[in-house]
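*Asks:* Compute the structure for the input listed below.
(chains A and B)
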Protein chains: 2
Amino acid sequence: MSYRIDALQYCNWSEKIFEQMRAGGVDAVHVTIAYHENFRETVAVMEQWNARFEQFPDRIFQGFTGDDVRRARETGRTAIFYGFQNPSPIEDDIRLVEILHRLGVRFMQLSYNNQSLLATGCYEAEDPGITRMGREVIAEMNRVGLVVDMSHSAERSTLEAIEISARPIVVTHANPAFWHPALRNKSDAVLRGLGETGGMLGFSLYPHHLKDGSNCTLDSFCRMVADCAEIMGVEQIGIGSDLCQDQPDTVVEWMRNGRWSKTLDYGEGSAANAGFPTMPGWFRDNRDFGNIEQGLRAVGFSEADSANIMGGNWLRFFDENFSPESQ
Amino acid sequence: MSYRIDALQYCNWSEKIFEQMRAGGVDAVHVTIAYHENFRETVAVMEQWNARFEQFPDRIFQGFTGDDVRRARETGRTAIFYGFQNPSPIEDDIRLVEILHRLGVRFMQLSYNNQSLLATGCYEAEDPGITRMGREVIAEMNRVGLVVDMSHSAERSTLEAIEISARPIVVTHANPAFWHPALRNKSDAVLRGLGETGGMLGFSLYPHHLKDGSNCTLDSFCRMVADCAEIMGVEQIGIGSDLCQDQPDTVVEWMRNGRWSKTLDYGEGSAANAGFPTMPGWFRDNRDFGNIEQGLRAVGFSEADSANIMGGNWLRFFDENFSPESQ
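*Replies:* Sure, this is the predicted structure:
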């Protein structure tokens, strides 16, 4: 079986979920450890992960490099890689980039839905692009091997990040806007920019990012992957499911509202549809990665290409982008 | 003698300086207690101020309302009002606005030189205006009586803050760009906007904001005040000296660079002129407020108008804007 890597999950972690990862053959998962957490709060989340690694050593361990994905496969476990959906853990301090990379953080979004100190989020009315501090931080991320993720960023900021970054950047979890024009999905210009610079897109299974939402069909999803491969290249795509399994609705409130507003913001949802949406039937959780692989073969991807989409492409990207720049 | 209020100082505080405040008849000073400090670091600065209030009770005390300025005059002391030059003390947490107002903070800049979570600083290449969080925070500042200060903010953000804020806003320390076109000085549109909405401008004595820098003449400064009064109204102007007395150059480095960059940013200065500039001879420190008052009379201001510019206008503004909105 090919490598299987999921480039984004934020579940209410439990032994059940770690068992499902193994049942689904998932060798590595990039997990979100911060939305609005500051540095100290983020370290507390790392402490929770260390407790899980101690408790479930036969299921999971912390991943730092691509080789940890291979080790996970060899030992029948899942490597857990850390990432942030907002730069709040670095606060206003550029030197926290190196500290956090040393602690194992491998992806950092330059912004979540709002304006950050570095870049603009996809729900702001205006997008001025990468800020003064943002340019400095991108250079520092490039230096240490912390990957720029623009999943929740606005269009101009994303295009500028692609241009400014000396190393490839990613969108860990989103879909093409040509298929489903949500604010969170990406334009052809962004897709092309990622493809031309060695970047990656992880396809999301989060219903707000899917055509027809929870009713999206596997066939429609896999045909979209094929169309996107035409634009980006079949080597530059993977999975980033955005699986938020077993989370209570209070968690989506924290994701959307953090501490920035006294009134409730619904993000991609609405007052009538405020919580986590229901996942499509063919992707309930980690056990269903095989369904996607079969779906990719069914729309005509070769065995080699579908294997690369399921994990091989992300593994190559991990190998090339998680270490400091060579001197 | 009229009230004398200085709407911005950031000195290396000492008994000498508090004695000079009294010698200059200065009844109240708005002091900066945060540039890039986070909440906890800002509280530590408040602790330092509490120690000074304990040590020099005959010279200074903390001011909370306009009446504290009157009490300072009656008791021969100087009331110290707190303010921030950046919103970093509220971090990403809108509810810290009320906490900090309770602790005595009366002015907060929505941005310093760079992009903040709320607004854009005057050294960014692009200014998208007030952010989503910025709109929420302005409403909260209006509610509790924490005054919006746009001294270091960019043009569009400043004009939008004037429009969005339900209560008057200020530029505590800057000069008109028509007199000296520094990035930190303000356009006619900003001056007019402040004047029309009951806002205030505090004239700066910081040489980078002065025509001819350290060689600026008192006559040129006071004629600029007269020209500005024509645009804004003589009730909407005061002094905000930006006095940074006895500070080592490491402090201006902190102001400009904070923790956001690994390379040195020179702000208004340059590599060849990196430190604090020399003050003009007619305004060395707090003892010289009388020179300005004389200069204002010499260019034709009435006794009443010059008294208002020296402090009466700020006192009226303090009376009206430091308390919660009436129910």
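*Asks:* tell me the mean pLDDT over stretch A:34-41?
*Replies:* Average pLDDT, stretch A:34-41: 97.
*Asks:* I should have written stretch A:141-155 there, sorry.
*Replies:* Rounded mean pLDDT across stretch A:141-155 is 98.
*Asks:* Report the contact partners of the residue nearest to A:Pro168 when sequence neighbours are not counted.
*Replies:* Counting by CB to CB, 6 or more residues apart in numbering or on different chains, A:Gly198 is the residue found nearest to A:Pro168 once chain neighbours are left out, at 3.8 Å. No exception for glycine: its C-beta is placed from N, CA and C like everyone else's. By CB atoms under 8 Å, 6 or more residues apart in numbering or on different chains, the contact set of A:Gly198 is A:168, A:236, A:320.
*Asks:* Looking at these, spot the one nearest chain B.
*Replies:* Within those, distances to chain B taken as CB to the nearest CB reach their minimum at A:Pro168, with 22.4 Å.
*Asks:* Near that closest one, how many other residues are there?
*Replies:* If you count neighbours by other CB atoms under 10 Å in any protein chain shown, A:Pro168 ends up with 19.
*Asks:* Identify the residues contacting it.
*Replies:* A:Pro168 touches A:147, A:194, A:197-200, A:317, A:320-321, counting by CB under 8 Å, 6+ apart.
*Asks:* now do A:Ala7
*Replies:* Neighbouring residues of A:Ala7 by CB under 8 Å, 6+ apart: A:30, A:107, A:170, A:172-173, A:200, A:202, A:238-240, A:314.
*Asks:* which bits of chain A sit near chain B?
*Replies:* A:36, A:38, A:88, A:91-95, A:114-117, A:120, A:123-129, A:131-134, A:136, A:140, A:258-263 (CB under 8 Å from any CB of the partner chain).
*Asks:* go again using 6 Å as the cut-off
*Replies:* A:36, A:92-94, A:114-115, A:124, A:126, A:128, A:131-133, A:136, A:259-262 (CB under 6 Å from any CB of the partner chain).
*Asks:* Show residues contacting stretch A:201-214.
*Replies:* If you take CB atoms under 6 Å, 6 or more residues apart in numbering or on different chains as the criterion, stretch A:201-214 is touched by A:7, A:171-175, A:179-180, A:182, A:184-185, A:194, A:216, A:220, A:237-242, A:268, A:277-278, A:280, A:283.
*Asks:* Now do it: distance to the chain's middle.
*Replies:* 13 Å (CA atoms, centre = their mean, to the nearest Å).
*Asks:* Flag every buried residue along it.
*Replies:* A:201-211, A:213 (16 or more other CB atoms under 10 Å in any protein chain shown).
*Asks:* quick one, helices of chain A?
*Replies:* A:15-23, A:39-55, A:66-75, A:96-102, A:132-144, A:155-164, A:188-196, A:218-232, A:249-257, A:289-298, A:303-307, A:313-321 (DSSP state H).
*Asks:* Select, out of the ones you listed, the one closest to B:Cys11.
*Replies:* helix A:132-144 (27.6 Å; CB to CB).
*Asks:* hey, which helix or strand in chain A has the poorest pLDDT?
*Replies:* Across the helices and strands of chain A, mean pLDDT, DSSP states H and E gives its lowest value to helix A:249-257, namely a mean of 89.
*Asks:* Which of the residues of chain A next to chain B fall in strands?
*Replies:* Counting by DSSP state E, no part of the residues of chain A next to chain B is found in strands.
*Asks:* Quick check: ChimeraX command selecting the buried ones in those.
*Replies:* Per 16+ other CB under 10 Å, the buried members of the residues of chain A next to chain B correspond to this ChimeraX selection:
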select /A:36,92,93,94,114,115,124,126,128,131,132,133,136,259,260,261
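*Asks:* ok, and the closest non-adjacent residue to A:Gly258?
*Replies:* A:Gly258 sits nearest to A:His36 (CB to CB, 6+ apart), 3.4 Å away.
*Asks:* Before I go, just wanted to say thanks for your time.
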